[in-house]
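Trainee: below is the structure, and that's it, no one-letter string:
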């Protein structure tokens, strides 16, 4: 990516278009009902004037969007574990590791539905106690289990696991059956997953949690295996967001990373130029879980606090360009325009989303 003069923004917004319409439903009508009563005029105006480009590869998860924004090409699992471990503690660049995150599996109509740390609390003391139970049990296999954060655990292995996995972001509040590891060693890892569940099911830590009315941490989710990738060629001036993956890739590239600001106005006041990459990912989990009320609140706030200030800055020449990347395999690019170009017909959010 070349260095551009002036101010440029790239917004990564997984979940932008909300929950998928029911199968067989009229998409336009379903989305129209979903956003009824909301003022999404800023989103409509910006995306209506933008050039739309289909993604070269599947953009389904936040991880897809983040890694591809940094210029990486997918050849298997994104190496999320190595990248977030690098963000958390640094470490040996040659280590192959796998995320082994604590989760709660609940039976529902014959399925096991996954709940992650967004749905339960877990402190570091309990996390370490649970990890020790697992690590001790599998000590003879050469497992090295690390806890750098209550909800981010790392499994370092002597040899790479020959499996393909699903990101936790795509499994939360879903049945795990369709997301279990695949590949050459899939059967072995299904067995290890079952063994881990039995190990944690009746342990003292979980009995204590259940006695307090808290969800048992009764399984681990294995995903995102690999080694730390080469430093990306991306030349963002700054990145903004609360994702450990984003922070890890920024650190790898030597780019400053900041927490997500309250809105575009705050971001634009902080610096005069450069190219900012911004991850706004709260809507992804809401869209995936079909939490309609939470997503409606998200999209209304997104339009008011991000798209409206960006649109004003674009029209006023304070921003030269803005790109919006979504998990619907689409990229929107808009530049500053002459006043007559702004008269281009604005399409409704439902028309844009059902494209």
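Mentor: Structure's in. What do you need? Here the structure is a predicted model, which means the values were calculated and not measured.

Trainee: could you pick out the longest strand of this structure?
Mentor: Looking across the chain with DSSP state E, the single longest strand is strand 97-108.

Trainee: angle of the helix or strand following that one against strand 97-108?
Mentor: Using DSSP states H and E, the helix or strand that follows strand 97-108 towards the C-terminus is strand 111-115. Between the axes of strand 111-115 and strand 97-108, defined by axes from the mean of the first three to the mean of the last three CA atoms, to 10 degrees, the angle is 120 degrees.

Trainee: now do the buried residues in the longest helix along the chain.
Mentor: As assigned by DSSP state H, the longest helix anywhere in the chain is helix 186-201. Residues of helix 186-201 classed as buried: 186, 189, 192-193, 196, 199-200 (neighbour count, 16 or more other CB atoms under 10 Å). From N, CA and C alone the C-beta is placed, and that goes for glycine too.

Trainee: re earlier: relative to the longest strand of the chain, what are the paired strands and their orientations?
Mentor: strand 111-115 (antiparallel), strand 152-156 (antiparallel), strand 219-226 (antiparallel) (DSSP bridges).

Trainee: between the first one and helix 186-201, how big is the angle?
Mentor: With the same axes, to 10 degrees as the basis, strand 111-115 and helix 186-201 are set at 70 degrees to each other.

Trainee: for strand 111-115, buried residues please.
Mentor: Buried-residue list, strand 111-115, by 16+ other CB under 10 Å: 113-114.

Trainee: that strand: what's the following helix or strand?
Mentor: Per DSSP H and E, the helix or strand that comes after strand 111-115 is helix 124-137.

Trainee: how about the residue most central in space within the chain, what does it touch?
Mentor: What sits nearest the mean C-alpha location of the chain, by CA atoms, centre = their mean, is residue 62, with 3.2 Å. When contacts are counted by CB atoms under 8 Å, 6 or more residues apart in numbering, residue 62 touches 12, 14, 167, 169, 243, 245, 279, 281, 284, 327.

Trainee: any chance of these in JSON lines, plus distance to residue 129, secondary structure and pLDDT?
Mentor: JSON lines is the format used below for these (distance: CB to CB, whole Å; DSSP: H, G, I helix; E, B strand; the rest coil; pLDDT from 0 to 100):
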{"residue": "12", "distance to residue 129": "36", "secondary structure": "strand", "pLDDT": "97"}
{"residue": "14", "distance to residue 129": "33", "secondary structure": "coil", "pLDDT": "96"}
{"residue": "167", "distance to residue 129": "26", "secondary structure": "coil", "pLDDT": "97"}
{"residue": "169", "distance to residue 129": "26", "secondary structure": "helix", "pLDDT": "95"}
{"residue": "243", "distance to residue 129": "27", "secondary structure": "coil", "pLDDT": "96"}
{"residue": "245", "distance to residue 129": "27", "secondary structure": "helix", "pLDDT": "97"}
{"residue": "279", "distance to residue 129": "32", "secondary structure": "strand", "pLDDT": "98"}
{"residue": "281", "distance to residue 129": "30", "secondary structure": "coil", "pLDDT": "96"}
{"residue": "284", "distance to residue 129": "31", "secondary structure": "helix", "pLDDT": "95"}
{"residue": "327", "distance to residue 129": "36", "secondary structure": "coil", "pLDDT": "92"}
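
Trainee: rewinding a little: out of the strands paired with strand 97-108, which gets nearest to residue 77?
Mentor: strand 219-226 (5.4 Å; CB to CB).

Trainee: residues in contact with the helix or strand that the closest one is followed by: which ones?
Mentor: Where DSSP H and E defines the elements, the next helix or strand beyond strand 219-226 is strand 238-240. Under the contact criterion CB under 8 Å, 6+ apart, strand 238-240 has outside partners 246-247, 249-250, 255-261, 267, 271, 274, 276-279.

Trainee: let's see it at 10 Å
Mentor: 9-12, 66, 69-70, 246-247, 249-251, 253, 255-261, 266-267, 270-271, 274-280 (CB atoms under 10 Å, 6 or more residues apart in numbering).

Trainee: of the residues you listed, buried ones?
Mentor: Using 16+ other CB under 10 Å, the buried ones in the contacts of strand 238-240 are 9-12, 66, 69-70, 246-247, 249-251, 253, 255, 257-258, 260-261, 267, 274-280.

Trainee: in strands, which of those appear?
Mentor: Those of the buried ones among the contacts of strand 238-240 lying in strands (DSSP E): 9-12, 257-258, 274-279.

Trainee: the longest strand of the chain relative to helix 124-137, how many degrees between them?
Mentor: Going by the same axes, to 10 degrees, strand 97-108 makes 100 degrees with helix 124-137.

Trainee: can you list the buried residues in strand 97-108?
Mentor: Result for strand 97-108 [16+ other CB under 10 Å]: buried residues 97-105.

Trainee: which one of these is nearest to residue 57?
Mentor: Closest to residue 57 out of the buried residues of strand 97-108 is residue 99 (21.4 Å), distances taken as CB to CB.
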